[in-house]
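Visitor: Would you be able to build a 3D model of this:
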Amino acid sequence: MRGYRLPKSSSKLDVVIVAAQYAKRSKQLKLGQAYVRRGPIWGDLTLIDRKQILQRLESKQHVVTGKPAEIPGEFVVFGQVQLDQVNGDQGLHAGDVPEKGDNLGVPLF
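Guide: Below you'll find the predicted structure:
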């Protein structure tokens, strides 16, 4: 849409994960469905794997879980994705309490 600017609340985000798929045995994130910022706009819904998420976290990008809001370019944010060590294992989580394995708290696909 011509002249449409990103809302300020979404301008701080780089990746919004809306759904996840986990490996059966290891309980690690296999794939995620996410919206990825491409400059001043958001791209279409795309698949992103665990390695790409880890690379984005290492490069200090803001990766969150959430869902699209009614306003284009806006998201309802559930939590910020973090990488933590639990009992010697690395785990991605978006909640307050880290668990063993990955748990982003988004719907499965």
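Visitor: Pull the residues that contact stretch 85-97.
Guide: Residues from elsewhere that reach stretch 85-97 (CB atoms under 8 Å, 6 or more residues apart in numbering): 17, 29, 50, 53-54, 64-65, 78-84, 98-106. Every residue, glycine included, has its C-beta placed from N, CA and C.
Visitor: Please narrow those to those residing in strands.
Guide: The strands, defined by DSSP state E, take in 17, 29, 64-65, 78-80, 82-84 from the contacts of stretch 85-97.
Visitor: Select only the buried ones of the contacts of stretch 85-97 in PyMOL?
Guide: The PyMOL command for the buried members of the contacts of stretch 85-97 (criterion: 16 or more other CB atoms under 10 Å) is given here:
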select buried, resi 17+29+50+53+54+64+65+78+81+98+101+102+103+104+106
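Visitor: what is the rounded mean pLDDT of stretch 56-73?
Guide: For stretch 56-73, the mean pLDDT works out to 93.
Visitor: An error on my part: the question was meant for stretch 20-38.
Guide: For stretch 20-38, mean pLDDT rounds to 93.
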